[in-house]
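# sequence unknown, structure follows:
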């Protein structure tokens, strides 16, 4: 606990120092600790103290700390919180979740643009259209949006009813963009519902100890993984033949179940270093709308460390689906949530949440039971009826 006391003293000192002085003190005090010592020191602080410490540190220091703690999981929390003894107890899980937010929820990422968000939601909803309407970009969501996509690949795995497409805007240079979109649930599809309800955790996702993901979502993605990767590689090849300089910008998106699949698609690209020599993983941006939770805290923190500032998870008002599966089942959202705290998604107030994925001041603060709010993102509403139903 000596280290804990030292860090509390460090906190009070930092508040009175200049940025240069605080950077120097950070180098001497904080960097002199091992990772376990830092975690142990932070465990003695309440949320406000930890937040003040992080905000007092230079940006470079904050980023290092966030990176070091990105693999922080429930086992670490159990070891550091003496009053948490039973990980199966809902109260203990809540305490662990609060502690994770204390350590990982300090930064607020605000680099998103509303015009881009509304453009990308159209790409997401276009995944619900018929294949022919996607290929010639004539579906109802595509018309008049101002961006024409040349859809190079569509995919449908019939045994899970998993679908999506890959497209390119046929531009070169800085305006060049690749898009991959994944379809959400068709309301009448029992295959989609089987995917949604298979909420058992997979073990050690991609060989990462303790990283688990939703087995139904994962199996659905595996069913289209090869087609998706080949389609993306083909699109890069076609672009490379037309453009003198490679186009590295890739936007991945999806609504609801499609958001979960999009998250796993980005994860796959990060793990396997893309699909083409021209692909730059640092140029990938993820936009999801009404996405459910995909994995546990270990997976979420790994993902956040890789996609810092390039992952946006939009939640509309009292949308029910982003609260599934529940935290007490061992699930934890990826960052960064952007929550609409008003009834109308087009004119509402969209709030950028903290970097924890589970900001208690955002959608977790709402009584979220609405299916209507789930179906309507920026007035791109679909009815939940038969073949045209969407989730």
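Sure, I can see it. All values reported here derive from a predicted model rather than from experimental measurement.
# Pull up the per-residue confidence for the nearest residue to residue 145 once chain neighbours are set aside.
Spatial nearest neighbour of residue 145, chain neighbours left out: residue 122 (4.9 Å); criterion: Cβ to Cβ, 6 or more residues apart in numbering. C-beta here means a position set from N, CA and C on the backbone, and glycine is covered the same way. pLDDT, residue 122: 93.
# give me the number of residues near residue 122?
21 (other Cβ atoms under 10 Å).
# what's next to whichever strand or helix holds it, contact-wise?
Per DSSP states H and E, residue 122 falls inside helix 114-126. With Cβ atoms under 8 Å, 6 or more residues apart in numbering as the test, helix 114-126 has contacts from 134, 137, 139, 141-142, 145-147, 149, 165, 167, 179, 181, 251, 253-255, 258-259, 287-289, 312, 314, 338, 350, 377-378, 380, 382, 390.
# With stretch 130-143 instead?
So stretch 130-143 is in contact with 122, 125-129, 148-151, 154, 156, 165, 167, 380, going by Cβ under 8 Å, 6+ apart.
# So for it, what gets flagged as buried?
For stretch 130-143, burial by neighbour count (16 or more other Cβ atoms under 10 Å) applies to 133, 134, 135, 137, 139, 141, 142.
# Just give me the closest of those residues to residue 301.
Using Cβ to Cβ, residue 141 comes nearest to residue 301 of the buried residues of stretch 130-143, at 33.9 Å.
# what about the residue nearest to that closest one when sequence neighbours are not counted, how many neighbours?
Leaving aside its sequence neighbours, residue 141 sits nearest to residue 125 (Cβ to Cβ, 6+ apart; 4.5 Å). Using other Cβ under 10 Å, residue 125 has 27 other residues around it.
# model confidence over the biggest helix by length in the chain, on average?
For the chain, the longest helix by residue count, based on DSSP state H, is helix 215-242. Mean pLDDT, helix 215-242: 92.
# What residues of that helix count as buried?
Buried residues in helix 215-242, counted by 16+ other Cβ under 10 Å: 216-221, 223-225, 227-229, 231-236, 239.
# same deal with stretch 362-370?
So stretch 362-370, judged by 16+ other Cβ under 10 Å, has buried residues 362, 363, 364, 366, 368, 370.
# Quick check: next helix or strand after the host helix or strand of residue 265?
Taking DSSP H and E as the definition, one finds residue 265 inside helix 257-271. Going down the chain from helix 257-271, the next helix or strand is strand 284-289, by DSSP H and E.
# ok now do residue 267, which residues does it touch?
With Cβ under 8 Å, 6+ apart, residue 267 has these contacts: 205, 206, 303.
# Residue 339 belongs to a strand, doesn't it?
Yes: applying DSSP: H, G, I helix; E, B strand; the rest coil, one finds residue 339 inside a strand.
# related to what we said a few turns ago, quick check, nearest of the contacts of stretch 130-143 to residue 319?
Of all the contacts of stretch 130-143, residue 380 has the smallest distance to residue 319: 13.4 Å, by Cβ to Cβ.
# Show me how this structure divides into domains.
The chain is divided into the following domains under automatic domain parsing: 2-104, 114-388.
# Any idea which of those has the lowest pLDDT on average?
Among the domains of the chain, domain 2-104 scores lowest, at a mean of 51.
# Could you count how many residues lie near the closest residue to residue 247 other than its chain neighbours?
Leaving aside its sequence neighbours, residue 247 sits nearest to residue 176 (Cβ to Cβ, 6+ apart; 3.3 Å). Neighbours of residue 176 under the rule other Cβ under 10 Å: 18.
# Would you check how far apart residue 176 and residue 150 are?
12 Å (Cβ to Cβ, to the nearest Å).
# what's the overlap in contacts for those two?
By Cβ under 8 Å, 6+ apart, the residues touching both residue 176 and residue 150 are 168, 169.
# Got the phi and psi for the closest residue to residue 230 other than its chain neighbours?
Leaving aside its sequence neighbours, residue 230 sits nearest to residue 153 (Cβ to Cβ, 6+ apart; 7.4 Å). As for residue 153, its main-chain torsions (degrees, to the nearest 10) stand at phi -150, psi 140.
# Quickly list what residue 153 is bridged to.
Counting by DSSP bridges, residue 153 is bridged to residue 166.
# you'd agree residue 231 is up against residue 155?
Yes: counting by Cβ atoms under 8 Å, residue 231 does reach residue 155; the two are 6.7 Å apart.
# so where do the strands sit in this protein?
Ranges of strands in the chain, per DSSP state E, are 150-157, 162-168, 178-182, 250-255, 284-289, 311-316, 337-340, 350-352.
# Adding distance to residue 266 and mean neighbour count, write the ones you listed out as CSV.
Formatted as CSV, the strands of the chain follow (distance: least, Cβ to Cβ, whole Å; neighbours: other Cβ atoms under 10 Å):
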stretch, distance to residue 266, mean neighbour count
strand 150-157, 16, 18
strand 162-168, 13, 25
strand 178-182, 9, 27
strand 250-255, 5, 28
strand 284-289, 5, 26
strand 311-316, 8, 26
strand 337-340, 16, 24
strand 350-352, 20, 17
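# Of all these, which one comes closest to residue 200?
Nearest of the strands of the chain (Cβ to Cβ): strand 162-168, 17.9 Å.
# tilt between the closest one and helix 257-271?
60 degrees (axes from the mean of the first three to the mean of the last three Cα atoms, to 10 degrees).
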